[in-house]
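**Student:** dropping the sequence and predicted coords here.
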Amino acid sequence: MNVLILHQNFPGQFRHMAQRLSQEGHGVLGMGAKTAPGLKGLPMVRYEIKSLPKPTHRYLGTATSAAMHGEVVAKALLEMRRQGRPDPDAVLAHPGWGEALFLKDVFPRARLVSLFEFYYHAHGVDVGFDKEMDGADGVLFDLAATLTSRNMLHLMNLERCDVGVSPTAWQRSLHPRAYQDKIAVAHEGIDTVHMCPDAADRFVLADGRVLSPGDKVLTYVARHLEPYRGFHVFMRALPEIQRRNPDAITVIVGGDGVSYGRKPKDAPNWRTKLLAEVGDRLDMTRVVFTGQLPYAAYRSLLRVSAAHVYLTYPFVLSWSALEAMACGCLLVASNTPPVAEVMRHGENALLFDFFDLEGLAGLATQALSRPRDFAPLREKARRTVEAGYGIERGIARYMALLGASQPRQAG
């Protein structure tokens with residue numbers, strides 16, 4: 001069968017699926033923005049949004065942008081048809097930016113499988129979870145109204161797809177009940193062969209220091225260092241963690257941008273702001289900020305970690321949390337809904353209340369000072385990912401949803 005895979009940052013989460021479909025003899029065409037990395041060996045069509053019109057109302061920015069993205073993609077696909085390319089039998093899409101809006105108008109008979117990561121809520125999920133980050137009533141109302149309007153795109157995508165998919169049960173539960181039966185639960189899959197423990201691996205710091213498995217290494221990883229991933233909580237607990245563990249080194253991975261939420265008002269980024277708050281209580285010779293790391297170095301760091309701290313608001317579960325578990329890390333993690341679906345305290349991780357600095361410091365200290373006691377948790381963490389979030393399981397689920405369980409017949 002012919003499959004179109006549409007993702008603004010192609011291949012994005014669909015890397016493993018695109019590769020497997022191609023390996024099994026299906027025709028695969030990728031489609032993404034001009035800046036998308038693409039995937040070696042697979043044909044790809046790129047589109048470009050040169051400029052976006054201003055929305056007629058400030059709450060409609062997402063709707064306006066989505067309509068533009070959907071139009072550009074649809075017209076590119078129509079042009080491909082005029083040039084003789086066969087229509088796809090199935091489309092796998094990340095519809096979050098609007099590219100999939102008009103796919104059914106172009107390919108009404110194609111099976112459309114859309115990924116639904118997060119349905120916005122103005123109350124009771126991520127918004128309002130961290131009172132310190134809340135704004136004034138007027139700001140909160142504007143945010144609520146904007147999120148309500150943003151969900152118009154999600155509702156249209158839910159209506160138009162043949163089937164949806166969410167990575168976790170909790171993420172599916174955020175969507176309207178009327179559509180939940182239309183959404184399957186399937187994680188895209190973690191490569192547990194590549195992301196695995198290795199006692200021979202080493203992580204080399206910029207100053208030449210070499211970290212090895214067994215060293216007292218505390219790790220924290222996020223795409224960007226920001227409150228949504230609990231960076232402020234981690235930094236405020238770090239002075240006490242250092243006091244209790246004077247021979248431990250902390251390695252912090254992440255950029256200074258913002259993936260979720262907003263920048264601080266009184267500092268260029270959250271790292272600068274939190275260092276100004278707690279930096280005078282830290283031994284900075286034992287704290288290393290690496291910025292964002294190449295994937296191989298990131299894997300090496302996870303392999304030498306004695307305790308890996310992961311926090312998140314009630315929001316999308318990070319791949320890094322599952323990859324850390326796959327590498328046999330001992331997770332010290334916030335007991336928030338996306339975490340609690342995968343990790344259980346005392347079984348495959350150590351969990352604490354998101355805002356409990358003492359709880360974080362205490363568990364991190366236990367992990368750093370008694371590593372042998374927690375070896376069973378490390379082993380169970382890896383088995384959890386292998387059993388529920390491995391590549392083969394994810395591919396099988398996606399193949400079934402696409403109707404591509406059997407390879408295309410030649411001729």
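**Tutor:** In hand now; what should we look at? Numbering: from 1, shown residues only.

**Student:** domain parsing for the protein?
**Tutor:** 2-189+391-402, 203-388 (automatic domain parsing).

**Student:** endpoint to endpoint, the last one covers what distance?
**Tutor:** Spelled out, that is domain 203-388. Using CA to CA, to the nearest Å, one end of domain 203-388 lies 29 Å from the other.

**Student:** now stretch 59-76: buried residues?
**Tutor:** Using 16 or more other CB atoms under 10 Å as the test for burial, stretch 59-76 gives 59-60, 62-70, 72-74, 76. C-beta: built from backbone N, CA, C; applies to glycine.

**Student:** pick the one among the residues you listed closest to Leu92.
**Tutor:** Checking these against Leu92 with CB to CB, the nearest one is Val73 at 13.9 Å.

**Student:** so when I look at the closest one, I'm seeing a strand, right?
**Tutor:** No. Read with DSSP: H, G, I helix; E, B strand; the rest coil, Val73 is helix and lies in no strand.

**Student:** report how many residues lie close to the closest residue to it other than its chain neighbours.
**Tutor:** For Val73, ignoring the flanking residues on the chain, the nearest one in space by CB to CB, 6 or more residues apart in numbering is Glu99 at 4.5 Å. Using other CB atoms under 10 Å, the number of residues around Glu99 comes to 27.

**Student:** any low-confidence regions in the chain?
**Tutor:** Low-confidence regions of the chain, defined by pLDDT under 70, span residues 135-139, 405-411.

**Student:** now with 80, please.
**Tutor:** Applying pLDDT under 80 to the chain flags the ranges 134-140, 404-411.

**Student:** where do the helices sit along it?
**Tutor:** With helices called from DSSP state H, the chain shows them at 15-23, 61-82, 103-106, 137-160, 169-173, 177-180, 231-244, 270-278, 295-304, 319-326, 337-340, 357-369, 375-388, 391-402.

**Student:** among those helices, which is the most enclosed?
**Tutor:** helix 319-326 (a mean of 25; mean count of other CB atoms under 10 Å).

**Student:** send me that one as CSV with only the CA atoms.
**Tutor:** Provided in CSV are the C-alpha atoms of helix 319-326 (Å, rounded to 0.1, in the frame of the first residue of the first chain):
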residue,chain,number,x,y,z
TRP,A,319,10.6,10.6,25.7
SER,A,320,13.6,11.3,27.9
ALA,A,321,11.9,9.8,30.9
LEU,A,322,11.3,6.5,29.1
GLU,A,323,14.7,6.5,27.5
ALA,A,324,16.3,7.0,30.9
MET,A,325,14.3,4.0,32.2
ALA,A,326,15.4,2.0,29.2
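
**Student:** so which elements touch that helix?
**Tutor:** Applying 3 or more CB pairs under 8 Å, 6 or more residues apart in numbering; DSSP states H and E, we find helix 319-326 packed against strand 217-224, helix 295-304, strand 307-310, strand 331-334, helix 375-388.

**Student:** among the helices of the chain, which comes closest to Thr219?
**Tutor:** When those are compared by CB to CB, helix 295-304 sits nearest Thr219, at 6.0 Å.

**Student:** who does that closest one touch, helix- and strand-wise?
**Tutor:** For helix 295-304, the packing partners by 3+ CB pairs under 8 Å, 6+ apart are strand 203-204, strand 217-224, strand 249-255, helix 319-326.

**Student:** name the surrounding residues that touch that helix.
**Tutor:** For helix 295-304, the external contacting residues (CB atoms under 8 Å, 6 or more residues apart in numbering) are 194-195, 197-198, 201-203, 211-213, 215, 217, 219, 221, 251, 253, 290, 293, 308, 323-324, 327-329.

**Student:** where's that helix relative to the chain centroid, distance-wise?
**Tutor:** 18 Å (CA atoms, centre = their mean, to the nearest Å).

**Student:** try stretch 254-264
**Tutor:** 14 Å.

**Student:** next: stretch 368-388.
**Tutor:** With CA atoms, centre = their mean, you get 22 Å for stretch 368-388.

**Student:** ok, Pro176 - how many residues close by?
**Tutor:** By the criterion of other CB under 10 Å, Pro176 has 11 neighbours.

**Student:** thinking it is in contact with Tyr119, fair?
**Tutor:** Yes. Counting by CB atoms under 8 Å, Pro176 does reach Tyr119; the two are 7.3 Å apart.

**Student:** shared neighbours of the two, anything?
**Tutor:** Joint contacts of Pro176 and Tyr119 (CB under 8 Å, 6+ apart) do not exist.

**Student:** list phi and psi for the spatially most central residue of the chain.
**Tutor:** By CA atoms, centre = their mean, the chain has its centre lying nearest to Ser318, at 4.0 Å. Main-chain torsions, Ser318, degrees, to the nearest 10: phi -70, psi 140.

**Student:** who's in contact with it?
**Tutor:** Contacts of Ser318 by CB under 8 Å, 6+ apart are 222-223, 229, 310, 312.

**Student:** so can I have a markdown table of those residues showing neighbour count and distance to Val127?
**Tutor:** Output for the contacts of Ser318, formatted as a markdown table (neighbours: other CB atoms under 10 Å; distance: CB to CB, whole Å):
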| residue | neighbour count | distance to Val127 |
| --- | --- | --- |
| Ala222 | 23 | 19 |
| Arg223 | 18 | 20 |
| Arg229 | 28 | 16 |
| Tyr310 | 26 | 21 |
| Thr312 | 22 | 14 |
